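Chemist: let me see the structure of the following:
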Amino acid sequence: MKFRWHALTLILGLGLVAPALAQEEPAKEEAAAPASEDTPAKEEAAAPKAEAAPAAEAEPAKELSSCAKSLAPLADSYKSAYDDMQKWIGQIDTETAAANDKVQKLQAQIHENETATTQAKLDKDNAKVKDLQKANKTLWNDFNAATKAQSDACAKFVKEAPQRVKQYADATNKALGELKAQTK
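Modeler: Numbers count the residues shown, from 1 in each chain. Now for the predicted structure:
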């Protein structure tokens, strides 16, 4: 069981760290490259970063060693799991967005009514206070029902998560097993 959660953490960690590292690499290369005598330093600083990317792409990619290549399927299994998880999260967001929006709108409306109630109390408008309190009671009932619906919608996905993690761990273990079989 511990391995499953660690695998998910690793999958998510790789997905979050890899883009950040990819963004840092061009900056490090630019800082390490000496300025040529033909181009003044000011022009280099003013040049957009988009122009630096094609220059890096023009360089041929270094071919990986056979040992490193053999690990590529293992890395691909992590990337596949990460991509699948991101897609699933997008689906969850789509399915639960309406419930989330309803909860937020009810919260805002309750807040507005409470502010209006306070103002009506300051103005000593008892009839308005009574009407606003009655409206707020209804809003609170709607809010509680909406938060329960939102929680129920999320619970379905939380129950599905362990199976997905197991699936990802199995795929990664399969890739690892194939790697071990190749090295024997």
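Chemist: point to the helix or strand of this structure where mean pLDDT is at its lowest.
Modeler: Using mean pLDDT, DSSP states H and E, helix 41-46 stands out as the lowest-scoring helix or strand of the chain, at a mean of 46.
Chemist: pull the longest helix from the chain.
Modeler: In the chain, with assignment by DSSP state H, the single longest helix is helix 126-183.
Chemist: what mean pLDDT does that one get?
Modeler: Here helix 126-183 scores 92 as its mean pLDDT.
Chemist: mind giving me the packing neighbours of that helix?
Modeler: Secondary-structure packing of helix 126-183 (3 or more Cβ pairs under 8 Å, 6 or more residues apart in numbering; DSSP states H and E): helix 2-32, helix 66-70, helix 72-122. Every residue, glycine included, has its C-beta placed from N, CA and C.
Chemist: and that helix with helix 72-122, angle?
Modeler: Angle of helix 126-183 versus helix 72-122, following axes from the mean of the first three to the mean of the last three Cα atoms, to 10 degrees, is 170 degrees.
Chemist: show me the contacts for Q91.
Modeler: Contact analysis of Q91 by Cβ atoms under 8 Å, 6 or more residues apart in numbering lists nothing.
Chemist: and it, how close does it get to A97?
Modeler: Going from Q91 to A97 by Cβ to Cβ, to the nearest Å gives 11 Å.
Chemist: what's the answer for T147, then?
Modeler: Note on T147: its distance to A97, by Cβ to Cβ, is 15 Å.
Chemist: so between the two, which is more surrounded?
Modeler: Legend: neighbour count by other Cβ atoms under 10 Å for T147 and A97, higher for T147 (15 against 10).
Chemist: what's the burial count for Y168?
Modeler: Neighbourhood size, Y168 [other Cβ under 10 Å]: 22.
Chemist: count residues in the vicinity of the residue lying closest to it once chain neighbours are set aside, would you?
Modeler: Nearest residue to Y168 in three dimensions, chain neighbours excluded: A81, at 3.8 Å (Cβ to Cβ, 6 or more residues apart in numbering). For A81, the count of nearby residues is 24 (other Cβ under 10 Å).
Chemist: A81 reaches T172, doesn't it?
Modeler: Yes. A81 lies in contact with T172 (Cβ atoms under 8 Å); the separation is 6.9 Å.
Chemist: need the contact list for T96.
Modeler: Residues in contact with T96 (Cβ under 8 Å, 6+ apart) are 150, 153-154, 157.
Chemist: between those, which has the most around it?
Modeler: Compared across the contacts of T96, Q150 has the highest neighbour count, 17 neighbours, by other Cβ under 10 Å.
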